[in-house]
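**Student:** Fold the following and give me the result.
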Amino acid sequence: MRDFSPFRLALFAAIVWLLNAATARAAEQTVALAGQKVTVWSDAAGGTAKQPVIIFSHGFHGCATQSRFLMEAFASVGYIVFAPDHRDAACNGGEASWLSAPALRFRQPRQWDQTTYRDRAEDIRNLIEAIRADDRFRNRVDWSRLGLAGHSLGGYTVLGLAGAWPEWKLAGVRAVLALSPYSQPFLSHGTLANLSAPVMYQGGTRDFGITPSLDKPMGTYDQSPAPKYFVEFDQAGHFAWTNFPSSAHQDIAVYALAFMNHYVKGEPADPVLTRALPDVVQFRYASEIGSSATLGGARSTIELPRFRAPVSRRARLLLDQSQPHPAVELARCVEVQTGVLRADGHVSECDLERARIIN
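**Tutor:** Here you go, the predicted model:
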């Protein structure tokens, strides 16, 4: 469903301005809290009123700054955003190796349980306690307006904290934004019904390793309680939510801000929470606003997504549907001219380009 109404055009214009102005308005700083390296974004204009807070959890081998465009957008509309480097962080000075293996294999979600990556949940809890005690931030944060956001393994982290692992449940969470989240362990164990906060899932037509599990019958969206939303962006791959150049960045920010503003800030629902924008191929929702059948255009048919320049034209990323981080867990590149598949564990130009852009 495509909407070119004057309202929608005005909203697009406002978001374009917001994203262009975000760098100038959002102050970014790196601090130490609870023994962690934490990046903080807030409106450079400042103010005396307490701010709603968003805590962001990065993906496996990502880092706190991996999704700067979205953190700046949040900060520019009044949020204070905290993003810790988890111990598996590998970009922007993270101490993990790009080739280090995950705690358990992503393709075997049934083996995961509440002990898997519990250190990430503890990072968030410890960070919150440190913020409460820190003179720089304790009087700036409004804990009655707390939202969680996470990408990939960070999506797994924030879903767990919202109740998908009942042992992890964090009190006071108003909303959860799950960006291409690794939710398969919760599907395998049937625990998504325990979610205790509104959730928005975002996926993409090129996100072959994650999105199919979000929107399949009795998948992640279906098993989650309302209020819930699912947005699928055309041409978006797994790294569309990072600093990789992506045509989806604008729409990602539109839906993320509308969702958080409604459920964290308590603002009236933006009309975008009930409709699909032009580059959204699927939009579903069930909430106090209402409910919908699938909205959106036809799904794109794509064989292999290409990396943008300066990656060699001979290299394409092979997206294995069984793992959400194919460029990290194994260096798998297809050499198109020779037909040679690299699976030798060595760093490939795919890995190097991902590291270059995310940093």
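
**Student:** just checking, Met96 touches His61?
**Tutor:** Quick fix: residue 96 is Ala, not Met. Yes - checked against C-beta atoms under 8 Å, the pair Ala96 and His61 is within contact range at 6.4 Å. (Each C-beta comes from the backbone N, C-alpha and C, glycine too.)

**Student:** if you count what's nearby, which of these two comes out ahead?
**Tutor:** Per other C-beta atoms under 10 Å, whichever of Ala96 and His61 has more neighbours is His61, with 28 against 18.

**Student:** Tell me how the chain divides into domains.
**Tutor:** The chain breaks down by automatic domain parsing into domains covering 6-291, 315-358.

**Student:** Let me have the ones you listed in CSV, adding mean pLDDT as columns.
**Tutor:** Listed next are the domains of the chain as CSV, based on pLDDT from 0 to 100:
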stretch, mean pLDDT
domain 6-291, 92
domain 315-358, 32
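
**Student:** winner for burial among those domains?
**Tutor:** Among the domains of the chain, ranked by average contacts under mean count of other C-beta atoms under 10 Å, first place goes to domain 6-291 (a mean of 20).

**Student:** centre of the chain versus it, how much separation?
**Tutor:** Taking C-alpha atoms, centre = their mean, to the nearest Å, one finds the center of domain 6-291 at 4 Å from the center of the full chain.

**Student:** which residues touch Pro198?
**Tutor:** With contact taken as C-beta atoms under 8 Å, 6 or more residues apart in numbering, Pro198 is in contact with 174-176, 226-229, 259, 263, 287.

**Student:** just the helices in the stretch 1-150 of the chain please.
**Tutor:** Counting by DSSP state H, counting those that start in this stretch, the stretch 1-150 of the chain has these helices, from start to end: 6-25, 68-76, 118-133.

**Student:** ugh, wrong one, the stretch 201-350 of the chain
**Tutor:** In the stretch 201-350 of the chain, the helices defined using DSSP H, counting those that start in this stretch lie at 211-215, 220-223, 249-263, 326-329, 349-358.

**Student:** now the third one against helix 68-76, angle please.
**Tutor:** I take that to be helix 249-263. Between helix 249-263 and helix 68-76, the angle comes out at 40 degrees (axes from the mean of the first three to the mean of the last three C-alpha atoms, to 10 degrees).

**Student:** I'd like the distance between the residue lying closest to Pro102 once chain neighbours are set aside and Ala178.
**Tutor:** Closest residue to Pro102 apart from its sequence neighbours, by C-beta to C-beta, 6 or more residues apart in numbering: Phe60 at 6.1 Å. If you measure Phe60 against Ala178 using C-beta to C-beta, to the nearest Å, the figure is 15 Å.

**Student:** Please pull up the helix or strand immediately following the lengthiest strand in the chain.
**Tutor:** Ranked by residue count and defined by DSSP state E, the top strand of the chain is strand 141-151. With elements assigned by DSSP states H and E, the helix or strand that comes after strand 141-151 is helix 153-159.

**Student:** Can I get that following helix as CSV, trimmed to CA atoms?
**Tutor:** Coordinates of the C-alpha atoms in helix 153-159 are reproduced here as CSV (Å, rounded to 0.1, in the frame of the first residue of the first chain):
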residue,chain,number,x,y,z
LEU,A,153,22.1,-10.5,19.0
GLY,A,154,21.2,-7.2,20.6
GLY,A,155,17.6,-7.9,19.6
TYR,A,156,17.9,-11.3,21.4
THR,A,157,19.2,-9.4,24.4
VAL,A,158,16.4,-6.9,24.7
LEU,A,159,13.7,-9.4,24.0
